[in-house]
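Peer 1: need the 3D shape of this:
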Amino acid sequence: MVLEKMPGSLDDEALFPFARWIRAQGYNTHLESTSEIASGAVDLFLSGVERTMEKGAKLGVHSWSDGDKEASEYPRSHSAHSLNASYIKAMLNSDEFYWFTINAAPANAIHWMNEAEIKKYQLLTQPLL
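Peer 2: Model prediction:
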């Protein structure tokens, strides 16, 4: 699956089962040099068995909000984190990327990841193209 311009998702409870299905089907995900994905679209990208990206593609992350609080305002042990953290752990074998995203930018902003961050959290399964 080639992801091009995707600003995010409105419903993680719907996105995550679809993304898990993509993984189960053995699909790969790819970002072209002009791709720009953010928020839930990054979660969708992570569903690929093989995840590749061309230099120039942009990945944007941020916290989520339930309307009252930002994710980072909940203690790490709070159940409010379980849906997102467990999805990230299933896709990357670690939930550390989840904790990075909720602290990278508030819900109403975007943090555009740099190459070092993408590498640190192992978002790609092959080197940057």
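
Peer 1: for the top helix by length along the chain, packing partners?
Peer 2: Under DSSP state H, the helix in the chain containing the largest number of residues is helix 12-25. Here helix 12-25 touches helix 40-45, helix 82-92, going by 3 or more Cβ pairs under 8 Å, 6 or more residues apart in numbering; DSSP states H and E. For every residue, glycine as well, the C-beta is placed using N, CA and C.

Peer 1: which parts of it are buried?
Peer 2: Using 16 or more other Cβ atoms under 10 Å as the test for burial, helix 12-25 gives 12, 15-16, 19, 22.

Peer 1: again with stretch 93-103
Peer 2: In terms of neighbour count (16+ other Cβ under 10 Å), stretch 93-103 has its buried residues at 95, 97-102.

Peer 1: all strands of the protein, in order?
Peer 2: For the chain, the strands defined by DSSP state E cover 2-6, 29-38, 51-53, 58-61, 111-112.

Peer 1: could you say what helices and strands the second one packs with?
Peer 2: Read it as strand 29-38. strand 2-6, helix 40-45, strand 51-53, strand 58-61.

Peer 1: do that again at 6 Å, thanks
Peer 2: Strand 29-38 sits against strand 2-6, strand 51-53, strand 58-61, with contacts defined as 3 or more Cβ pairs under 6 Å, 6 or more residues apart in numbering; DSSP states H and E.

Peer 1: alright, calling it a day.
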